[in-house]
Every structure is written in C-alpha cells, then in structure tokens.
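> Coordinates only, no sequence provided:
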C-alpha cells in the first residue's frame, strides 16, 4: 500500500496502474478476457486455442476437436479467471462435455508436453528502446516419490506440504489416489502450474541474460500496447528460451502479475522487496504512458467492474 500511494502521488491518478497496458482492459488488473489478450500475441509464440461460448455434446465436441486439429489431452479454462480456477486437463469427450456445462465462456487450448513451465515477467518503459525480464519463475508440479508400496493418497498425506493439497486431488483426480508408484518414481499428481494446485514456484532469475532481454524485447514489441506483464509459457530447454525458439505462450497476465520468484526467497523481507521493486517499475511505466496521453480507467467503470466481477 505505501508503494501504491507513492504511485498516486507520482502520477496524480488513483488508478494509474490501469494505464500501463492500453491494449488490455484496466491494464489487466482483474476481469480481463484471456482470448482478447491472446489475440495480441503473434501466432508463432503461442499455443493453438479456440474460444467457445456454448455447451457441447459428444458429436459437437468431436467436431470442434477435428476442426481445430486438437488431440487429447486438451486444456480447458474459463475465459475470465484467476489463480488457476477451473483450469482442467481434459482427456475424453465425456470430460469435455461435462466441462462445457459448467462454463458459459471458456477456452480450449492444445496441451503442450514440454518439460519446463515458466512465468516470465517482462516490462518496457514506453520511452525506452528496450525492455527487461525482471523475474523468471520455474514451476514444479505437485509430485510424490514412490516407495513401491504406498498409494498416491498415502504419499500425499505423509508430506506436511503435499497433504495440504489432498482434497484438491480428491476433487480433480480421485482415481490417481489409488495408484502405487514404483520405488523412486517421481509421480506427477497435478499438472496445472498454480499454487492452489500444489505447484512450487522456484526462483530461476539466474537465467536472465542480456540475450534473453533482447529476445523478449523483440517479442514484446510485437505485442502492441502491452508494457508490463507476465508471460506464462512452456519451453523444452532454457537454451531454447534464450534462443527465442520453441516458446509456447498459453497466457499473458497484465498489471496484477506477480513476480513469482518472490515465493522462493530465504525470508519474507526479500519477497516484499522484490514485489516493491516491480510495483515501482509499474509506476514508471504507467506514468510515462499517462504523459503520452493514455487515460486510466475511470473510477465509475472500475467500481462497476468490481461489483460485476466479485459480487455479480
């Protein structure tokens, strides 16, 4: 909050942060539509996907998959949502049909089975010629180590951390609970890269290099009207990332993006310091855009969005 109020003084605007990304509704603070943001990203960098606003039956689901050249598994997610809510990896037509009845507005995306999933926070000052990657977070999915005799359910319960997510697995993958992984086997229980699904966030800032900054500057310049955001992506190797190849972006988050590496610090003060650094950067991005004539979201619209999104 002190950093926020510093931004108010700096910009003379209560909602200054909504001016950071003119191409995203409210700068991507909340309630933005994923399909509209993904449309800003060049095809060569992003996963294939389709926006759906209807319920499906087995025949229409099959037709949708064929028309878009999708094979199972696919990823289904709400078009408006945060923190991995209702994101599912779908393996059958029956699961797909059931999901369509639970959502009015959702995306179907190809599932990319690359071994590395990252959150890369990139920003560029509007007056600058190049930008910076300031946070890389590697995501380690919820995993148990098999002993050859215990079930996944028992292994989850035996870990102080993993036991927290037992009910999540009961809800999302009840059949997995009875699987018995082999001795020493690393069994991935949940493959959605979010804290509430059991994923650990790992500080991978050591991979930030001038070459990587140049790659994301080139890519960011092709995403018009977005100056601050976190690219959630998959890549085969870090070498591919630095070379700017085989990058598959499945989401771009705006000004509410967290620098995920803060969750892997030795103490909470370092975490808050990292968060403050990013908000100070966001203030400067917003300030420069405002000076160029970008208008922050009007307070009346912002309050209406709050009402509709959280209380509607």
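Yep, it's here. Computed from a prediction, not measured in an experiment: that's the story for all the values here.

> hey, let's count contacts and neighbours off CA atoms from now on
Will do.

> contacts for stretch 67-78?
Contacts to stretch 67-78, defined as Cα atoms under 8 Å, 6 or more residues apart in numbering, come from residues 50, 65, 85-92, 99, 103, 105-111.

> Same check on stretch 34-54?
24, 68, 79-80, 100, 104-110, 112, 222-224, 246-252.

> Let's see that with 7 Å instead.
Stretch 34-54 is contacted from outside by 24, 79-80, 100, 104-110, 222-224, 247-252, using Cα atoms under 7 Å, 6 or more residues apart in numbering.

> And those residues, which of them are buried?
24, 79-80, 100, 105-110, 223, 247-252 (16 or more other Cα atoms under 10 Å).

> mind pulling up the phi and psi values for the residue nearest to residue 103 when sequence neighbours are not counted?
In this structure, residue 103 finds its nearest non-sequential neighbour in residue 78, 6.9 Å apart by Cα to Cα, 6 or more residues apart in numbering. Main-chain dihedrals, residue 78, degrees, to the nearest 10: phi -60, psi 150.

> Make residue 1 into 8 and carry on from there
Yes, from this point I'll number from 8; that puts the last item at residue 85.

> What about the contacts of stretch 41-61, which are in helices?
residue 107 (DSSP state H).

> As a check, name the ranges of all helices in this protein.
9-18, 41-45, 65-74, 100-109, 159-164, 173-179, 217-228, 245-250, 275-298, 306-318.

> what mean pLDDT does the second one have?
Per-residue pLDDT values across helix 41-45 average out to 94.

> starting at the chain centroid, how far to it?
Relative to the chain's own centre, helix 41-45 is displaced by 12 Å; criterion: Cα atoms, centre = their mean, to the nearest Å.

> Could you do the longest one as well?
Averaging C-alpha coordinates over helix 275-298 and over its chain gives two centres that are 19 Å apart (Cα atoms, centre = their mean).

> if we can go back for a sec, dump the helices of the chain into a markdown table; add distance to residue 211 as well.
Compiled in a markdown table, the helices of the chain are given as follows (distance: least, Cα to Cα, whole Å):
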| stretch | distance to residue 211 |
| --- | --- |
| helix 9-18 | 25 |
| helix 41-45 | 25 |
| helix 65-74 | 35 |
| helix 100-109 | 34 |
| helix 159-164 | 26 |
| helix 173-179 | 27 |
| helix 217-228 | 13 |
| helix 245-250 | 10 |
| helix 275-298 | 14 |
| helix 306-318 | 33 |
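
> Among these, show me which one is buried the most.
helix 159-164 (a mean of 21; mean count of other Cα atoms under 10 Å).

> Give me the contacts around that one.
Counting by Cα under 7 Å, 6+ apart, 151, 169-170, 173, 183-187 sit against helix 159-164.

> In contact with the spatially most central residue of the chain, which residues are there?
Centroid check for the chain by Cα atoms, centre = their mean gives residue 239 as the closest residue, at 4.6 Å. Listed by Cα under 7 Å, 6+ apart, the contact set of residue 239 reads 125-127, 256-259.

> And residue 296, by the same measure?
26-27, 133.

> Sort out for me which of those are in strands.
Members of these lying in strands (criterion: DSSP state E): none.

> can you list the domains in this structure?
9-53+214-235+244-318, 55-118, 149-197 (automatic domain parsing).

> Nearest to residue 141, out of those domains?
Ranking the domains of the chain by proximity to residue 141 (Cα to Cα) places domain 9-53+214-235+244-318 first, at 7.7 Å.
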